[in-house]
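Q: 3D, please:
(one chain, ligands or ions: 1)
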Amino acid sequence: MSRENLSSKFNRVSTLSVEGSYCVYLGVGHCFKLIDEPGVFKVSLAGMAFGSLLARYLNKECINSRFLDLGTGSGVHSFLLKGMGVKSITATDISKEAVFVARKNELCNFGVNTIEFAFGDLFQGLPDVSKKYDYILFNPPGWRTPSTSFLETFNKSVGVAGLPIDSMFYGDRTLERFFEALPDHLSDGGKVLIGLNSLVGIRQVMNRLQELHAGKYVIDCRLLERHDFPLLFYTEEWARIRNLLIDEIMSWARKGEAYCCMQEDGQIIWSYEIVELTLWER
Ligand SMILES: C[S@@+](CC[C@H](N)C(=O)[O-])C[C@H]1O[C@@H](n2cnc3c(N)ncnc32)[C@H](O)[C@@H]1O
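A: Residues are numbered from 1 along each chain as shown. This next block holds a predicted model:
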């Protein structure tokens, strides 16, 4: 099957589009209708896998815990939490547009807004900065920092049209800043469920977490699930520069900065790893 056919097959499997909206099914009857807005991250195969894992992971004890959904995008994982009975949910995103759409999505799916939405870079903009969360969910931008030469060509060909570049790239930098601030927002023994894309450079970011906090915290790191997914190009603008994107990604893999492999048909396969981190103060 050609790369194009495979990509469109996976796109069809992941969502069912209905004029300006699409449906995402996460299992156990949890299905959400979401607005399809160009500047808002559309739930991907990885986001669906993350949601389905959450549906398995959550138990009755979690319902009274405090949850933070960081980089909420469409709000899909917060809706699953709400659908499963979690009462304290805060959801935030760096994109004002995403938060606006997520709030509308909540109203459309539940008829009432109870999720506490915020907008800002990582933990900035949270309504109560001193509040600590028992669970923090994060499905961060999956690709690492691009090279200068890639950026020059990208800016010339895509510019500011469509999806912002930092909704996919700079994941390594975002994760480092996330890890730096994490202990101020996570309760002792609290858990982070994080979806790591092998194109971010997982070994380096996990090493960084240890460097930052192993002196003060015991850090438990458990791989909950791993998937191999095909590389998809989420917008028309990005699909137009697919060869440029592939060259950039393969150069990371050659340098050992990221992991992926190219199949015989040219399809790039990357690894999506859902990891549970627990931090206890020493
Ligand atoms: C890979 S998408 C995941 C969206 C959603 N959680 C999902 O799984 O469908 C990453 C999201 O993180 C947001 N984001 C990127 N950098 C961020 C930052 N520094 N602070 C907060 N959100 C950020 C993006 O706007 C985007 O909505």
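Q: what's the spacing between residue 26 and residue 49?
A: Counting by C-beta to C-beta, to the nearest Å, the gap from residue 26 to residue 49 is 9 Å. No exception for glycine: its C-beta is placed from N, CA and C like everyone else's.
Q: of those two, who's got more company?
A: Applying other C-beta atoms under 10 Å to residue 26 and residue 49 shows that residue 26 carries more neighbours, namely 25 against 20.
Q: Give the phi and psi angles for that one, as a check.
A: Note on residue 26: backbone dihedrals following degrees, to the nearest 10 are phi -110, psi 0.
Q: Can you report how many residues neighbour the closest residue to it other than its chain neighbours?
A: Spatially, and ignoring its direct neighbours in sequence, residue 26 is nearest to residue 51 (3.8 Å; C-beta to C-beta, 6 or more residues apart in numbering). Per other C-beta under 10 Å, the neighbour tally for residue 51 reads 23.
Q: State the distance from the residue in the stretch 101-250 of the chain that the ligand sits nearest to to residue 264.
A: Residue nearest to the ligand within the stretch 101-250 of the chain (C-beta to the nearest ligand atom): residue 139, separated by 3.7 Å. Taking C-beta to C-beta as the measure, residue 139 falls 30 Å from residue 264.
Q: out of these two, which sits in the busier spot?
A: Set side by side, residue 139 and residue 264 show more neighbours around residue 139, with 27 against 5, by other C-beta under 10 Å.
Q: Now for the more buried one: which residues touch it?
A: Residue 139 makes contacts with 46-47, 50, 71, 73, 77, 194-195, as judged by C-beta atoms under 8 Å, 6 or more residues apart in numbering.
Q: Within reach of the ligand, which of these are there?
A: Counting by C-beta under 6 Å from any ligand atom, the subset of the contacts of residue 139 that neighbours the ligand consists of 47, 50, 71, 73, 77.
Q: Nearest residue to the middle of this structure?
A: With distances taken as C-alpha atoms, centre = their mean, residue 139 lies nearest the centre of the chain, 2.2 Å away.
Q: Need the three-state assignment for the nearest residue to it once chain neighbours are set aside.
A: Of all residues not flanking residue 139 in the chain, residue 195 sits nearest, at 4.1 Å (C-beta to C-beta, 6+ apart). Using DSSP: H, G, I helix; E, B strand; the rest coil, the three-state assignment for residue 195 comes out as strand.
Q: If we only consider the contacts of residue 139, which is nearest to residue 227?
A: residue 46 (7.5 Å; C-beta to C-beta).
Q: right, and that closest one touches residue 229 too?
A: Yes - with contact defined as C-beta atoms under 8 Å, residue 46 and residue 229 form a contacting pair (6.4 Å).
Q: Give me the common contacts of these two.
A: Taking C-beta under 8 Å, 6+ apart as the contact rule, the neighbours common to residue 46 and residue 229 are residue 272.
Q: the strands in the stretch 101-250 of the chain, which residues?
A: Remark: strands assigned in the stretch 101-250 of the chain by DSSP state E, counting those that start in this stretch are 116-119, 133-138, 186-197, 217-230.
Q: How about the third one, which residues are buried there?
A: What that stands for is strand 186-197. Neighbour counts over strand 186-197 (16 or more other C-beta atoms under 10 Å) mark 186-187, 190-197 as buried.
Q: in its sheet, what does that strand sit against?
A: When pairing is defined by DSSP bridges, strand 186-197 lines up against strand 133-138 (parallel), strand 268-281 (antiparallel).
Q: can I get the CA coordinates of it in CSV?
A: The C-alpha trace of strand 186-197 is given here as CSV (Å, rounded to 0.1, in the frame of the first residue of the first chain):
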residue,chain,number,x,y,z
LEU,A,186,2.2,17.7,41.5
SER,A,187,1.2,16.4,44.9
ASP,A,188,3.7,14.1,46.7
GLY,A,189,3.3,10.7,45.2
GLY,A,190,1.2,12.2,42.4
LYS,A,191,1.3,10.8,38.9
VAL,A,192,2.0,12.2,35.5
LEU,A,193,0.6,10.3,32.5
ILE,A,194,2.6,11.5,29.5
GLY,A,195,2.5,10.5,25.9
LEU,A,196,6.0,10.5,24.5
ASN,A,197,6.8,10.5,20.8
